[in-house]
Structure formats: structure tokens, C-alpha cells
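Asker: what follows is a predicted protein model with its sequence.
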Amino acid sequence: MLKRILVLDDNQFILEAVEEALTYEKFQVLITSDSSNLIEIAKIFQPDLFILDDRLAGRKSSDDICHQLKWHPRFGSTPVMLCSYFYHRGADFSALPCDDIISKPFGLDELVSKVNNLILE
């Protein structure tokens, strides 16, 4: 069975690029720019990994969403990766409620490597 990844970003280009790259790597990918009902989408899709944009234009912060996911009984153990322009490679993200972070702009090889590390452990 394919591993499932739910991607939330407000940039359509990033959503499509991530979807194409991860689908090519044999993951089942669902993309959305709607943070308001992410939990409901996740309940239906049952992801093995969440990838969240760190800054969502005019919407709930990814920290809030990540906390919601980590405290949710169904998704608390599901890994969450944040994508951000604001964190440099090698930064300490231990205070953030995520399992990994990838700095934008990122290469698709780096994305696939991080996804594999989180999902296939």
C-alpha cells in the first residue's frame, strides 16, 4: 500500500511541484491550500505524513495547525514537516511542534530524502 502524504501550502506552484515529485516516488499525495478544514481532510485521507507551509497567507499559523495535529488522538504520532523560507539549514527547531523542517527553496531530492526519513523509518 502506498504511503500517504497530505501537503498544505498557499502557493499553487509549490503544491503542484511537491505533488508531482512525491507521486513520481510512489507516494499517494493530497494537496490543499485550505487550512480551515485540514483535520477533516486528514480524517478522510489518513496521511502517514503532513507537510505544512510555515507561513500561510492570512490564515491560521502552521504552529497552531501543527499543535492541533500533535494533540489530536488520531494524528498525534503522524510526522509533520514544516516548509519555510525563514529557517536556515541546520537551525534548531526543537521548540517547534514538528518532526522536521525543510528550508525553501529546496531541491526535490532533498524533499524526497526527508520524506523517506520520516515515513519509512
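Answerer: Okay, I see it. Numbering: from 1, shown residues only.

Asker: leaving out sequence neighbours, find the closest residue to residue 47.
Answerer: Closest residue in space to residue 47, ignoring its immediate chain neighbours: residue 6 at 3.9 Å, by Cβ to Cβ, 6 or more residues apart in numbering. Quick note: C-beta positions are derived from backbone N, CA and C, even for glycine.

Asker: neighbours of residue 106, just the number please.
Answerer: By the criterion of other Cβ atoms under 10 Å, residue 106 has 15 neighbours.

Asker: one more: the one 3 residues further on?
Answerer: Here the neighbour count serves as a burial measure; for residue 109 (other Cβ under 10 Å) it reads 9.

Asker: tell me, how many neighbours does residue 78 end up with?
Answerer: With other Cβ under 10 Å as criterion, residue 78 counts 20.

Asker: from residue 109, how far off is it?
Answerer: To residue 109, residue 78 is 24 Å away according to Cβ to Cβ, to the nearest Å.

Asker: buried sites along the least confident helix or strand in the chain by mean pLDDT?
Answerer: Within the chain, no helix or strand scores below helix 62-71, which has a mean of 84 by mean pLDDT, DSSP states H and E. If you call a residue buried by 16 or more other Cβ atoms under 10 Å, then helix 62-71 has these buried ones: 62, 65, 66, 68, 69, 70.

Asker: got the buried residues for stretch 25-39?
Answerer: Buried, per 16+ other Cβ under 10 Å, within stretch 25-39: 27, 29, 31, 32, 33, 35, 38.

Asker: from those residues, which land in strands?
Answerer: 29, 31, 32 (DSSP state E).

Asker: bridging residues for the second one?
Answerer: In other words, residue 31. residue 7 (DSSP bridges).

Asker: list of residues touching stretch 26-41?
Answerer: The contact list for stretch 26-41, computed with Cβ atoms under 8 Å, 6 or more residues apart in numbering, reads 2-10, 12, 15-16, 18-19, 22-23, 45, 47, 56, 59-60, 65, 68-69, 72, 75, 115, 119.
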